[in-house]
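1. Predicted model and sequence below, questions to follow.
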Amino acid sequence: MKRVKYGLVIALISLLLFGCSKDKYEEEKIDLTIAIQTSDIYGNDVREKLIKMFNKKYEFYDITIKENINRDKLVKEINTGDIDIIFCSASDIRELQKEGLLTNLNNIYYKENLSDKTYSAINSYGRIENLFYGLPMYASTFEIFYNEDLIKQYNIDTTNDNIFSLLKKCKENDIQIPIFNGNDNVNNFLLSLLMSNYVYLNDFDLHKQEMINGYDKFKEFYDGGLLSSDMFTVGNRKHMNDLIDGKIPLLISNSSDIKGFTNKSISVWDNYKIEDYWISPPAFVDSLICFPTISKNEKVQKEFMRYFTSNEFHETMEAEGKISPDKSINKDLGGLNFYITKHLETSSQNSFIYNKFLKSAMEKDLVDLLEKTLSGKIEKEEMTKELDEILNKKVY
């Protein structure tokens with residue numbers, strides 16, 4: 001009888017102990033610290049949605065968000081394992097990778113087949129040579145949007161005119177093209193077009209000499225009356241409204257802005273043929289998800305990565321009008337997004353905005369040289385000499 005009593009007591013104590021542990025485990029919160037190091041006007045809403053959806057599904061994570069941590073503090077917190085996930089730009093990735101602070105994501109890329117599932121140009125933002133360090137959060141392009149009704153007045157054939165014909169007719173009709181990209185110098189964007197079509201940017205130091213081909217071509221365009229700096233102006237929201245209202249015929253802007261194009265007469269330029277080859281509008285993403293090499297919560301990192309690469313989040317994003325980096329999610333998109341995803345599909349690994357990768361001082365010198373080239377302030381020989389100075393002799 002005593003054995004039975006003792007057995008009952010032990011069983012009761014065990015039940016209480018294990019019961020308490022289980023309750024405690026279910027109530028326990030797991031810390032998740034996210035560093036946000038980019039202010040991305042095109043991706044802030046996507047990031048907020050991602051974190052909110054993840055936290056709703058996994059309520060036991062106690063998420064702390066730290067924004068714009070200064071450089072020294074960020075490095076210190078990464079080295080102590082106090083940061084689990086980083087949202088940052090392509091330039092930040094390159095700086096952090098130089099210091100060995102980011103996890104190489106090649107395993108997840110090949111395990112989830114992300115190299116084939118996602119757009120090549122968008123992947124380039126998170127790739128350094130052949131290694132991936134960042135997952136692109138969304139996909140976008142910089143497109144030429146035009147008002148179908150107004151553009152006909154300038155004898156522009158949107159089906160048969162290629163990009164050269166468009167530029168030539170804009171120049172003949174004194175049409176100034178607004179470039180709305182958050183930059184106050186249109187030549188930054190023009191240099192991106194030059195570099196993305198003439199230089200292999202993911203190994204810039206090895207291929208930078210190829211840039212002379214781009215400058216030669218742009219000089220040729222200027223001398224032939226096809227291209228000049230005064231054809232473009234810095235764009236803003238007013239220009240977008242003017243396009244919708246039929247006050248201007250076209251503008252260049254990011255594809256993430258198309259939700260505002262409720263006017264059915266707005267379309268996307270699609271003929272990017274130049275001579276016997278095609279160029280692509282530059283692809284763009286300014287928010288990438290990275291994982292520090294040191295983390296106290298590697299399990300949390302994997303959970304977040306699995307959730308982000310699953311269809312659940314990307315399908316929600318697509319339903320809200322955003323373009324996912326996952327091609328399969330976008331296959332049935334129509335309207336303006338049909339052309340945008342088509343351009344993303346045909347873009348190469350080099351079709352991206354270059355200034356996310358260059359040092360600012362070099363960028364300034366290259367932009368200044370392009371401005372002189374496209375305004376007739378420099379001859380070809382002098383242009384070539386100055387470019388060689390920037391690429392090979394100046395220390396940045």
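-> The structure has been received and is ready for your questions. Residues are numbered from 1 along each chain as shown.
2. Return the per-residue confidence for the closest residue to Lys377 other than its chain neighbours.
-> Using CB to CB, 6 or more residues apart in numbering and skipping residues adjacent in sequence, the residue nearest Lys377 is Glu371, 7.9 Å away. The way it works is simple: take the backbone N, C-alpha and C, and place the C-beta from them, glycine included. For Glu371, the model assigns a pLDDT of 94.
3. for Glu371, what are its contacts?
-> Counting by CB atoms under 8 Å, 6 or more residues apart in numbering, Glu371 touches Asn187, Ser229, Lys377.
4. Could you check how far it is from Ile294?
-> Distance of Glu371 to Ile294, computed by CB to CB, to the nearest Å: 44 Å.
5. Same question for Asn79.
-> In terms of CB to CB, Asn79 sits 6 Å off from Ile294.
6. Ok, Gly224 next?
-> Counting by CB to CB, the gap from Gly224 to Ile294 is 55 Å.
7. quick one: which of those two has more around it?
-> Taking other CB atoms under 10 Å, Gly224 and Ile294 do not tie; Ile294 has more neighbours (15 against 10).
8. Run through the neighbouring helices and strands of the one helix or strand Tyr215 maps to.
-> Per DSSP states H and E: Tyr215 is located in helix 211-223. In terms of contacts (3 or more CB pairs under 8 Å, 6 or more residues apart in numbering; DSSP states H and E), helix 211-223 is packed against helix 186-198, helix 360-373, helix 380-388.
9. So which of these is nearest Phe54?
-> Phe54 sits nearest to helix 186-198 of all the helices and strands packed on helix 211-223, at 32.7 Å, using CB to CB.
10. three-state assignment of Ile175?
-> Classification of Ile175 using DSSP: H, G, I helix; E, B strand; the rest coil returns coil.
11. related to what we said a few turns ago, any idea which of the helices and strands packed on helix 211-223 gets closest to Asp149?
-> So among those, helix 186-198 is nearest, using CB to CB, at 25.7 Å.
12. That closest one relative to helix 211-223, how many degrees between them?
-> If you take axes from the mean of the first three to the mean of the last three CA atoms, to 10 degrees, helix 186-198 sits at 120 degrees to helix 211-223.
13. among the helices and strands of this protein, which one scores worst on average pLDDT?
-> helix 2-27 (a mean of 43; mean pLDDT, DSSP states H and E).
14. helix or strand right after that one?
-> Next along from helix 2-27, by DSSP H and E: strand 30-36.
15. Show me the contact partners of the helix or strand following that next one.
-> Counting by DSSP H and E, the next helix or strand C-terminal to strand 30-36 is helix 44-57. For helix 44-57, contacts defined as CB under 8 Å, 6+ apart pick out 34, 36, 40, 61, 63, 65, 87, 137-138, 287, 304, 307-308, 312-313, 316-317, 320, 322.
16. make it 7 Å
-> 34, 61, 63, 87, 137-138, 287, 304, 307-308, 313, 316-317, 322 (CB atoms under 7 Å, 6 or more residues apart in numbering).
17. Next one: Lys111 from Arg306, what distance?
-> 11 Å.
18. For Leu193, give me the pLDDT.
-> Model confidence at Leu193 (pLDDT) stands at 77.
19. In stretch 160-180, which residues are buried?
-> 161-164, 166-171, 175, 177-180 (16 or more other CB atoms under 10 Å).
20. same question, stretch 261-268
-> Phe261, Ile266, Ser267, Val268.
21. pLDDT score assigned to the residue lying closest to the last one once chain neighbours are set aside?
-> Right, the one you point to is Val268. By the measure of CB to CB, 6+ apart, the closest residue to Val268 outside its immediate chain neighbours is Tyr339, 4.1 Å from it. Tyr339 is assigned 92 on the pLDDT scale.
22. same deal with Leu105?
-> For Leu105, the model assigns a pLDDT of 94.
23. do the one 10 residues further on as well
-> At Ser115, the model reports a pLDDT of 84.
24. quick one on the thing from earlier: nearest to Leu150, of the buried residues of stretch 160-180?
-> For the buried residues of stretch 160-180, the nearest to Leu150 is Ile175 (10.1 Å; CB to CB).
25. Count the neighbours of the spatially closest residue to that closest one that is not a sequence neighbour for me.
-> Spatial nearest neighbour of Ile175, excluding adjacent residues (CB to CB, 6+ apart): Pro249 at 6.2 Å. Neighbours of Pro249 under the rule other CB under 10 Å: 21.
26. Distance check, Pro249 against Val268.
-> Distance, Pro249 to Val268, using CB to CB: 14 Å.
27. where are the low-confidence patches of the stretch 1-150 of the chain?
-> Low-confidence segments of the stretch 1-150 of the chain (pLDDT under 70): 1-27.
28. hang on, isn't Ile122 packed against Ser287?
-> No: in this structure, Ile122 is not within contact of Ser287 by CB atoms under 7 Å, at 11.3 Å.
29. neighbour count winner among the two?
-> Ile122 (28 against 25).
30. that's a strand at the more buried one, yeah?
-> No: secondary structure of Ile122, determined by three-state DSSP: helix, with no strand assignment.
31. which residues touch it?
-> Contacts of Ile122 (CB under 7 Å, 6+ apart): Pro136, Ala139, Ala283, Val285, Pro325.
32. Just the buried residues from those residues, in PyMOL please.
-> A single PyMOL command is used to select the members of the contacts of Ile122 judged buried by 16+ other CB under 10 Å:
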select buried, resi 136+139+283+285+325
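33. Perfect, that will be all.
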